[in-house]
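[1] I need the structure of the sequence given here:
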Amino acid sequence: MRFRAITLDARQDELEKTERFWIEGFGYRRARLSGPFVVLSHDLPDWPEIILQRVDEAKSAKSPVHIDIESPNVDADAALLKNLGGHKLRDVFERGRRWLVLGDPAGNELCLVTERDDDLRRPQPVSRSTTRLVNAKPQV
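    Numbers count the residues shown, from 1 in each chain. Okay, here's the model as predicted:
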């Protein structure tokens, strides 16, 4: 088995802004369009595809699933994502780490998380761009 994709809902009026959020915020690129789906892929092999699914209904409740993305600088990365249409939902401090809960333009939740100490042993990631979060690492 292989973890391949995360599918996120977005209404038609949210779709373009949500796509831009993931492209400019995290370095994704549009791979293809297929019916009601916009498929985004990443050049880094450990990152799953993001599939934006066009839906008619508005989000009515908190989703039980969200994405955790580690960040070397939560505040700077949050500022970038807010400029791209993201919004802060809450700040959580748990187990010695900060979890900043954000919503993307369509209301899908994600957490920017401070890096764990054991990650200092991992290889150095691609250098950070000022326009996207390429240092972030998805938590799956």
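[2] C-alpha from now on. contacts and neighbour counts both.
    Will do.
[3] Going by neighbour count, list what's buried in the top helix by length along the chain.
    For the chain, the helix with the greatest residue count under DSSP state H is helix 12-26. Within helix 12-26, the residues scored as buried using 16 or more other C-alpha atoms under 10 Å are Glu14, Leu15, Lys17, Thr18, Glu19, Arg20, Phe21, Trp22, Ile23, Glu24, Gly25, Phe26.
[4] For this protein, give me the ranges with low pLDDT.
    Across the chain, the ranges flagged by pLDDT under 70 are 1, 117-140.
[5] on contacts alone, who are the packing partners of whatever helix or strand comes next after the longest helix of the chain?
    Counting by DSSP states H and E, the next helix or strand C-terminal to helix 12-26 is strand 29-34. If you count contacts as 3 or more C-alpha pairs under 8 Å, 6 or more residues apart in numbering; DSSP states H and E, strand 29-34 packs onto strand 37-41.
[6] After the strand it packs on, which helix or strand is next?
    strand 49-55.
[7] what does that next one rub up against?
    For strand 49-55, contacts defined as C-alpha atoms under 8 Å, 6 or more residues apart in numbering pick out 4-12, 15, 19, 36-42.
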